[in-house]
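**Student:** show me the folded form of this:
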Amino acid sequence: MDRLTSLEVLVAIVDHGGFGRAAERLGLSPTMVSTHLARLEDRLGARLIHRSTRRFALTAQGHIFVDEARRILDSIREAENMVGRGDLGPVGRVAIDAPGAIGLRFVVSAIPHLRLAHPHVAIDLSVGDRNMLFRPEGFDMLIRVGQPPEGKGEAIPLGRTRFVQVASPAYLARRGVPETPDDLHDHDCILYTTVERPIGQWRFTRNGEKRSLRPTGVASFNHGDAITRAAVAGVGIAQTLEMLVLPELAAGTLVPLLTSWNQEWVDIQLFIPQDRVKRAPVRAVADFLRDRIDWSGQDTL
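**Tutor:** Numbering: from 1, shown residues only. Predicted coordinates:
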């Protein structure tokens with residue numbers, strides 16, 4: 001049985017949400033779809049999909065193999081594009097992982113422009129502040145702030161930003177303006193936290209002097225946009241990335257605080273795992289993200 005078709009069947013089942021829709025998409029009978037999957041699992045000696053009458057779910061081995069199947073199919077499409085149909089540009093899907101607020105504010109808004117530049121490239125974007133570490137498994141590229149890359153691959157500088165303290169005018173009118181970092185102990189603070197990253201310290205830098213403190217939080221969130229909205233609503237003072245609050249600062253819904261202490265810049269980086277570095281669609285997306293987006297947040301596409 002055709003191994004390539006078996007790979008297409010597996011990917012179609014996942015992408016279209018079931019055996020019946022995959023059969024319709026591929027022009028095969030449901031029986032043939034099931035047969036292709038069964039033969040593929042027999043060759044691998046591993047179950048890829050848990051089946052039931054109402055739903056399916058990928059196994060742990062299935063999650064790994066479907067990513068590899070996508071890359072194989074993308075490579076074949078790229079070769080066909082270059083040899084058989086003329087150069088249509090990069091072809092394939094690119095899976096990106098980004099922190100939640102950065103993904104929503106910068107990557108999502110750039111996708112229409114990216115699609116105009118590369119109409120045969122599809123984007124699978126995962127957003128969520130699970131952690132700030134580089135974890136390449138399952139992704140073609142990762143966007144991170146402040147952390148150096150781990151593992152083998154290529155790190156591409158995108159830009160720089162810094163941490164700032166902000167609060168709403170209403171909150172400051174009610175509670176007063178802190179003059180030093182130590183004053184924050186007497187204020188309500190909005191914190192960033194995740195399951196993998198408990199509440200950490202706020203950092204401050206002024207003329208080479210570094211300070212840190214662990215503020216008392218009245219609310220905590222695992223998403224940068226939630227922190228921004230809470231600050232605008234007057235919940236308290238937040239420390240967040242400047243790139244995420246420039247519109248609110250410009251509109252006056254947030255006010256910068258302790259500005260002389262915001263002198264430490266942090267890097268925004270794109271990391272591509274080594275086995276994805278040479279894929280044409282990955283290179284095209286990486287170049288677009290590097291060259292076409294102002295990661296400081298000052299300008300938009």
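
**Student:** going by C-alpha atoms from here, please, whenever you check contacts or count neighbours.
**Tutor:** OK.

**Student:** can you give me the strands in the stretch 1-150 of the chain?
**Tutor:** Taking DSSP state E, counting those that start in this stretch, the strands of the stretch 1-150 of the chain run over residues 49-51, 56-58, 92-98, 121-127, 141-145.

**Student:** test my guess that residue 295 contacts residue 158.
**Tutor:** Yes: between residue 295 and residue 158 there is a contact under C-alpha atoms under 8 Å: 6.7 Å.

**Student:** mutual contacts of those two, please.
**Tutor:** Shared contacts of residue 295 and residue 158 (C-alpha atoms under 8 Å, 6 or more residues apart in numbering): residue 268.

**Student:** tell me the contacts of the residue sitting nearest the centre point of the chain?
**Tutor:** Residue closest to the mean C-alpha point of the chain, counted by C-alpha atoms, centre = their mean, is residue 98 at 1.6 Å. Residues near residue 98 by C-alpha under 8 Å, 6+ apart: 125-129, 142-144.

**Student:** kindly list the longest strand within this protein.
**Tutor:** strand 153-167 (DSSP state E).

**Student:** what pairs with that strand, parallel or antiparallel?
**Tutor:** Strand pairing for strand 153-167, using DSSP bridges, gives strand 237-241 (antiparallel), strand 255-257 (antiparallel), strand 265-273 (antiparallel).

**Student:** so which of those strands comes closest to residue 208?
**Tutor:** Closest to residue 208 of the strands paired with strand 153-167 is strand 265-273 (C-alpha to C-alpha; 12.4 Å).

**Student:** list the contacts of the closest one.
**Tutor:** 134, 136, 140-147, 149, 151-163, 286, 295.

**Student:** what does stretch 41-61 give?
**Tutor:** In contact with stretch 41-61 (C-alpha under 8 Å, 6+ apart) are residues 18, 62-63, 65.

**Student:** give me the mean pLDDT for that stretch.
**Tutor:** Averaging pLDDT along stretch 41-61 yields 82.

**Student:** gap between the two ends of it?
**Tutor:** By C-alpha to C-alpha, to the nearest Å, the extent of stretch 41-61 from end to end equals 10 Å.

**Student:** now it: buried residues?
**Tutor:** For stretch 41-61, a neighbour-count test (16 or more other C-alpha atoms under 10 Å) marks 41, 47-49, 58 as buried.

**Student:** ok so, going back, possible to save the contacts of residue 98 as TSV with neighbour count, pLDDT and distance to residue 176?
**Tutor:** Converted to TSV, those look like this (neighbours: other C-alpha atoms under 10 Å; pLDDT from 0 to 100; distance: C-alpha to C-alpha, whole Å):
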residue	neighbour count	pLDDT	distance to residue 176
125	19	92	41
126	16	88	39
127	18	88	35
128	17	72	33
129	23	61	31
142	23	91	40
143	24	93	37
144	22	90	34
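
**Student:** quick one: which of those residues is nearest residue 222?
**Tutor:** When the contacts of residue 98 are compared for distance to residue 222 (C-alpha to C-alpha), residue 129 comes out closest, at 5.8 Å.

**Student:** how much space between residue 181 and residue 211?
**Tutor:** Relative to residue 211, and taking C-alpha to C-alpha, residue 181 is found at 8 Å.

**Student:** what touches both of those two?
**Tutor:** residue 204.

**Student:** looking at the two now, which is surrounded by more residues?
**Tutor:** Set residue 181 next to residue 211 and count neighbours by other C-alpha atoms under 10 Å: residue 181 wins out with 18 against 14.

**Student:** OK, contacts around the more buried one?
**Tutor:** 204, 213, 258 are the contacts of residue 181 under C-alpha under 8 Å, 6+ apart.

**Student:** by pLDDT, give me the weakest of the residues you listed.
**Tutor:** Lowest pLDDT within the contacts of residue 181 is found at residue 213 (91).

**Student:** helix/strand/coil for residue 282?
**Tutor:** helix (DSSP: H, G, I helix; E, B strand; the rest coil).

**Student:** likewise the one 4 residues further on?
**Tutor:** Per three-state DSSP, the local secondary structure of residue 286 is helix.
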